[in-house]
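Enquirer: pasting the sequence and the predicted model now:
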Amino acid sequence: SRAEPTVEQSEAIRSSLASFTVRASAGSGKTTVLVQRYLRLVTEQGLRPDQILTITFTRKAAAEMKGRIVEELRRLHRYEDAQVAETGPIQTIHSLCERILRENALAAGLDPGFEVLDENAASTLTEKAVRWCLTSELDDHPSARRLVADLAGRQVHDATHTVHAKLWAAIRDVLRQLRGSGHSTSDLREAYRSPDSVRSMWIQGLLSGLPADVAEAVASPQNEGGARALVEQVKARGHRVPEWLKPSMLLYSDDAAEHTCGLVQLSLLAWEWMGQEMLDRQCLDFTMLEERAVRLTQESPATAARLRSQYSAMLVDEAQDVNPVQYRLLSALQGGAEMMVGDPQQSIYGFRLADRELFIERTT
């Protein structure tokens, strides 16, 4: 026999809110809540299974959820609904992106027969992009040129890691983070156009967490000196120096700003080369799938409106693992009831730029 849902589970299953988020720890029955919420949308609110967009984060989880939903629908003798659910939109975010782009290939500027790169092929392409940026002319990117020249003259007392290998790994890591950040290459290029712009951005970020009187003092033209000046201003005004600010005195030096600027410039060169290569070959990796799907919803309002009209409800499992680009896509598609379920303590996809803070913000 099936266990009856708890009071908390019942509240989520039967909630009349148009949009809400559920924080559910491991073992609390969140999959049961999602399945029962789905069934309620079908049996009590009259939605068809193909009107309920259900997102999970692995193919295995999507298959398991689909199996449970189909089984429950058959148990309720809703055989037609069960049949629709078997082919309906219960899928991973990347499967959703792929389907959207294939169905709207002309508007997306893609060949409908484009290929999706597996993780090994995507990794190989990333390595080629990094190699290209490190061997290209850097006259238009002085900070990048200076970074490469500076590191080329250094010695590392570590037989397993050369300077070149460390720079290569750093570019690869920053490239991954930038591509999943939700920012465009043009915006990032402007933000990292010079060491001065980087320092300014850092200081503004630090100021956002400090008392208002400190921010006002540092904002005046005569105050310079980066993070060290902030520490002095905090002390001068009788505030306790936050622990998170102390390491910044060393981190936000002139050399750090110069090298960070160069590193991002190199990563942007690799990103642009990689994107063009994928378009030329019509082979997209997972991040490119997300990027092109979001761009489609932004640049084609008619397509976005049609996609929203297809779904009257959205259910998202493991919502703590949604990254900024994916959030943007889901927001563009959301046109009806929405429930997101997750646990910020269980976020496992940091390597995919999942941002648990986005999920936490929805629950506060």
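Expert: Nice, I can see it.
Enquirer: show me where the chain dips below the pLDDT cut-off.
Expert: Across the chain, the ranges flagged by pLDDT under 70 are 1-3, 26-28, 153-163, 219-226, 248-253, 344-364.
Enquirer: show me the longest helix that occurs in it.
Expert: helix 254-281 (DSSP state H).
Enquirer: next helix or strand past that one?
Expert: Next in sequence after helix 254-281, counting helices and strands by DSSP states H and E, comes strand 283-284.
Enquirer: same for that next one, what does it pack against?
Expert: With contacts taken as 3 or more Cβ pairs under 8 Å, 6 or more residues apart in numbering; DSSP states H and E, strand 283-284 sits against strand 115-116. In this view, the C-beta of every residue, glycine as well, is placed from N, C-alpha and C.
Enquirer: any idea how far the next helix-or-strand element following the strand it packs on is from the chain center?
Expert: Sequence-wise, the next helix or strand downstream of strand 115-116 (DSSP H and E) is helix 119-135. Centroid separation for helix 119-135 versus its chain: 21 Å, with Cα atoms, centre = their mean, to the nearest Å.
Enquirer: for helix 119-135, name the packing helices and strands.
Expert: So helix 119-135, by 3+ Cβ pairs under 8 Å, 6+ apart, packs with helix 163-179, helix 254-281.
Enquirer: how about Asn104, phi and psi?
Expert: Dihedral angles of Asn104 (phi, psi; degrees, to the nearest 10) stand at phi -130, psi 40.
Enquirer: tell me which element the nearest residue to it once chain neighbours are set aside falls in.
Expert: Of all residues not flanking Asn104 in the chain, Thr303 sits nearest, at 5.3 Å (Cβ to Cβ, 6 or more residues apart in numbering). Counting by DSSP H and E, the element that carries Thr303 is helix 301-310.
Enquirer: rewinding a little: tell me which of the helices and strands packed on helix 119-135 lies nearest to Leu206.
Expert: helix 254-281 (13.1 Å; Cβ to Cβ).
Enquirer: that older thread, show the contacting residues for the residue nearest to Asn104.
Expert: 104, 107, 296-297 (Cβ atoms under 8 Å, 6 or more residues apart in numbering).
Enquirer: still on that earlier bit, next one: the longest helix of the chain to chain centre, how far?
Expert: Worked out by Cα atoms, centre = their mean, helix 254-281 lies 18 Å from the chain centre.
Enquirer: quick check: angle from that helix to helix 163-179?
Expert: 70 degrees (axes from the mean of the first three to the mean of the last three Cα atoms, to 10 degrees).
Enquirer: does anything pack onto helix 254-281? Which helices or strands?
Expert: Counting contacts by 3+ Cβ pairs under 8 Å, 6+ apart, helix 254-281 packs against helix 119-135, helix 142-152, helix 163-179, helix 185-191, helix 195-207.
Enquirer: could you give me the buried positions within the second one?
Expert: To tie it back to what came earlier, the one meant is helix 142-152. 143-148, 151 (16 or more other Cβ atoms under 10 Å).
Enquirer: now the last one
Expert: Applying a neighbour-count criterion of 16+ other Cβ under 10 Å, one finds 195, 198-199, 202-203, 206-207 buried in helix 195-207.
Enquirer: going by neighbour count, list what's buried in the helix holding Thr303.
Expert: Here helix 301-310 shows 303-304, 307 as buried, counting by 16+ other Cβ under 10 Å.
Enquirer: would you mind giving those as CSV with distance to Val214 added?
Expert: Formatted as CSV, the buried residues of helix 301-310 follow (distance: Cβ to Cβ, whole Å):
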residue, distance to Val214
Thr303, 47
Ala304, 43
Leu307, 46
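Enquirer: most neighbours per residue, which of the helices and strands packed on helix 119-135?
Expert: Highest mean neighbour count of those: helix 254-281, a mean of 20 (counted as mean count of other Cβ atoms under 10 Å).
Enquirer: ends of stretch 323-343, how far apart?
Expert: With Cα to Cα, to the nearest Å as the measure, stretch 323-343 spans 14 Å from end to end.
Enquirer: chain center to it, what's the gap?
Expert: The answer for stretch 323-343 is 12 Å, by Cα atoms, centre = their mean.
Enquirer: do the same with stretch 54-71
Expert: 22 Å.
Enquirer: oh, and call the first residue 15 from now on, that's how I've got it
Expert: From this message on, residue numbering opens at 15, which makes the last subject stretch 68-85.
Enquirer: would you mark the buried spots in that stretch?
Expert: 68-71, 75-76, 79-80, 82-84.
Enquirer: select from those residues every entry located in helices.
Expert: 75-76, 79-80, 82-84.
Enquirer: which among those gets closest to Leu48?
Expert: Using Cβ to Cβ, these come closest to Leu48 at Met79, 6.8 Å.
Enquirer: name the SS class of Pro256, please.
Expert: coil (DSSP: H, G, I helix; E, B strand; the rest coil).
Enquirer: swap in Pro19?
Expert: Once three-state DSSP is applied, Pro19 turns out coil.
Enquirer: picking up where we left off before, for Ile66, see how far away the residue nearest to Asn118 is.
Expert: 20 Å (Cβ to Cβ, to the nearest Å).
Enquirer: ditto for Val212
Expert: To Ile66, Val212 is 45 Å away according to Cβ to Cβ.
Enquirer: what of Ala135?
Expert: 33 Å.
Enquirer: returning to that earlier point: adding distance to Arg54, write the buried residues of helix 209-221 out as JSON lines.
Expert: Converted to JSON lines, the buried residues of helix 209-221 look like this (distance: Cβ to Cβ, whole Å):
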{"residue": "Pro209", "distance to Arg54": "56"}
{"residue": "Val212", "distance to Arg54": "51"}
{"residue": "Arg213", "distance to Arg54": "54"}
{"residue": "Trp216", "distance to Arg54": "49"}
{"residue": "Ile217", "distance to Arg54": "51"}
{"residue": "Leu220", "distance to Arg54": "48"}
{"residue": "Leu221", "distance to Arg54": "48"}
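Enquirer: nothing else from me, thank you.
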